[in-house]
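**Q** Fold the following for me, if possible:
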Amino acid sequence: MAEMMLPIQDGDIKTTVNDLLKGLLRSGKVSAVIAMQETPSGKSAFPTMVSDPEKMDANVFAPLLPVSTGTMISRITKVRGSNKPITVVLRSCEMRALMELVKLNQADLTNVTLIGVDCPGTFPMNTYSSFPGDKTPTEAVLEGGEAEKYMRSACLSCKDPVPENVDVVIGIYGVDLKKGLFIDTRTDAGEKLLEGIELVKTDAKARVKAVEDVRKSKDAVRAKFIEERSDIKGIDKITEFFDTCVNCHNCMKACPICYCKECLFDSSVFDLEANKYVAKAENKGSFKTPTDSMLFHITRFNHMILSCVECGLCEQACPSNIPLMDIIIPIAENAQKEFEYLPGRDSEEKLPMIVYREDEFQDVGEK
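**A** Here you go, the predicted structure:
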């Protein structure tokens, strides 16, 4: 659609974006905007639904991912879609997770317009809240430099930091951030949303080149990341990897793709009588408690790996600091390549496990 630039006001990106979002609310085009907004202390930021323009104080480039905005949209809309227009601002991995949730009938995008923002990466929550140096976390990540050394591993090896499947893109790649933000309206809904907003024409060539360079750089980092972890294979290595797991299930609770109302592993299925535990000990000689933590992880991978967007929320939620992306990224890469499926790529593309293809895997058992 249209590729334009939103001029920066007084050199302040945050104010510029906030004025854009306030304008949407004041125009009556939307009843509410959901965007990252810092807590009063400034030590954290969360997706926040705002209906009063005077209370809009979003920081859409805050380098923090405490929860997936995709999960929040699912909670708001899965029972019934909105009958009033809502605009949501989210990152690429959040957008991909939301698309997967829509496919799984866990979210309804009726009356929802989506604004995607380029993501320069995010920091762990504790790093964000006590960021070293004179700059704010947002300033540091937008300016680049040494900010990368503080980032979460999921962001360093991100599949694609540029949003797709959105109505509007607000971009930071390929533009002079002292002058403006790149604006790309991708749909008719996006065009209507920004009608009346003062934008200026821009040459998109620099943007195209910058996005291409960012994606190539991420691909190279990702390939190296996977290669360096290629030895985590076999039952012994995987068991060792999860040695410090306390079976808290935080990874499942933080994951935007795990949506079951009740997980098998939180149910009474594994509540056995004492004599059965004793019988198991007599049979094996000994076994670790809490039990079945390894079975939990293998089952979780089996359930969500094709839809995994590698946001890294599972790793961030782990109290034992298990580097979960070391094992999840290689597994997701292999599984998604096998099925030629990229989660969130296309809202119309069905999940591989619910589609029967007669010619699929004809060579299984023949290699």
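**Q** so what are the domain limits for this protein?
**A** Listed domain ranges for the chain are 2-227, 230-354 (source: automatic domain parsing).
**Q** Quick one: distance of the worst-scoring helix or strand of the chain on mean pLDDT to the chain centre.
**A** Among the helices and strands of the chain, helix 274-284 carries the lowest confidence by mean pLDDT, DSSP states H and E, at a mean of 84. Offset of helix 274-284 from its chain centre (C-alpha atoms, centre = their mean, to the nearest Å): 42 Å.
**Q** ok, then the element right after that helix?
**A** Sequence order places helix 293-304 as the next helix or strand after helix 274-284, per DSSP states H and E.
**Q** Remind me what that next one packs against, helices and strands.
**A** Using 3 or more C-beta pairs under 8 Å, 6 or more residues apart in numbering; DSSP states H and E, the elements in contact with helix 293-304 are helix 250-254. Placement of C-beta: from N, CA and C, glycine included.
**Q** Mean neighbour count for the domains of the chain - can I get that in JSON lines?
**A** What follows is these, written out as JSON lines (neighbours: other C-beta atoms under 10 Å):
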{"stretch": "domain 2-227", "mean neighbour count": "18"}
{"stretch": "domain 230-354", "mean neighbour count": "15"}
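**Q** Among those, show the one with the smallest mean pLDDT.
**A** For these, the bottom mean pLDDT is recorded on domain 230-354, which sits at a mean of 89.
**Q** Mind jotting down where the helices sit in the chain?
**A** 13-27, 69-77, 92-103, 125-129, 137-143, 153-156, 188-193, 205-228, 234-241, 250-254, 274-284, 293-304, 313-317, 325-338 (DSSP state H).
**Q** and the third one with helix 69-77, angle?
**A** For helix 92-103 and helix 69-77, the angle between their directions (axes from the mean of the first three to the mean of the last three C-alpha atoms, to 10 degrees) works out to 40 degrees.
**Q** Dump helix 92-103 to PDB, keeping only the CA atoms.
**A** Output of helix 92-103 as PDB, limited to C-alpha atoms (Å, rounded to 0.1, in the frame of the first residue of the first chain):
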ATOM      1  CA  SER A  92       6.800  -9.400  15.200                       C
ATOM      2  CA  CYS A  93       7.000 -12.500  17.600                       C
ATOM      3  CA  GLU A  94       3.800 -11.300  19.300                       C
ATOM      4  CA  MET A  95       2.100 -11.000  15.900                       C
ATOM      5  CA  ARG A  96       3.100 -14.500  14.900                       C
ATOM      6  CA  ALA A  97       1.900 -15.900  18.200                       C
ATOM      7  CA  LEU A  98      -1.400 -14.100  17.700                       C
ATOM      8  CA  MET A  99      -1.900 -15.500  14.200                       C
ATOM      9  CA  GLU A 100      -1.300 -19.000  15.600                       C
ATOM     10  CA  LEU A 101      -3.900 -18.400  18.300                       C
ATOM     11  CA  VAL A 102      -6.400 -17.200  15.700                       C
ATOM     12  CA  LYS A 103      -5.900 -20.400  13.800                       C
END
